[in-house]
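1. Provide a 3D model corresponding to the input given below.
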Amino acid sequence: MKKSRFTESQIFSILKEVDAGVKVEAVCRKHGTSNATHYNWKARYGGMDTSELRRKPIISGPWILCTIVCIAANASAR
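-> Model prediction:
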């Protein structure tokens, strides 16, 4: 998996710039990202505040289903 150029806290601050009233195009140009990247970040981090950002689970996405299935299989094997 490709390493992100931005940390989650940097992404959060970029999203806050747009929330403060700066146009999306201007913020994307300033940070060297695309509009699509901004909207993907907004979909992922949009409703969070800084405390929720710290509590974000390490396991997310498609791996969560695999983890749940493995835990269930180990529990039923006992």
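
2. list the contacts for the closest residue to residue 31 other than its chain neighbours?
-> Nearest-residue entry for residue 31: residue 14, 5.8 Å, with adjacent residues in sequence omitted and distances by CB to CB, 6 or more residues apart in numbering. Heads up, the C-betas are built off the backbone N, CA and C, glycines and all. Applying CB atoms under 8 Å, 6 or more residues apart in numbering, we find residue 14 in contact with 6, 27, 31, 33, 38, 41.

3. select only the buried ones of those in ChimeraX?
-> Selecting only the buried entries of these in ChimeraX, with 16 or more other CB atoms under 10 Å as the criterion:
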select :27,31,33,38,41
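
4. do a quick rundown of the strands in this structure.
-> Applying DSSP state E to the chain gives no strands.

5. what's the average pLDDT for stretch 39-52?
-> In this model, stretch 39-52 carries a mean pLDDT of 81.

6. C-alpha coordinates for that stretch, CSV please?
-> Output of stretch 39-52 as CSV, limited to C-alpha atoms (Å, rounded to 0.1, in the frame of the first residue of the first chain):
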residue,chain,number,x,y,z
TYR,A,39,-13.8,14.9,-1.4
ASN,A,40,-12.5,11.4,-0.6
TRP,A,41,-10.9,12.8,2.6
LYS,A,42,-14.1,14.6,3.4
ALA,A,43,-16.1,11.4,3.0
ARG,A,44,-13.6,9.6,5.4
TYR,A,45,-12.8,12.3,7.9
GLY,A,46,-15.6,14.9,7.4
GLY,A,47,-17.7,14.4,10.5
MET,A,48,-14.8,13.9,12.9
ASP,A,49,-13.2,16.2,15.4
THR,A,50,-9.7,15.9,16.8
SER,A,51,-10.6,13.7,19.7
GLU,A,52,-12.3,11.2,17.4
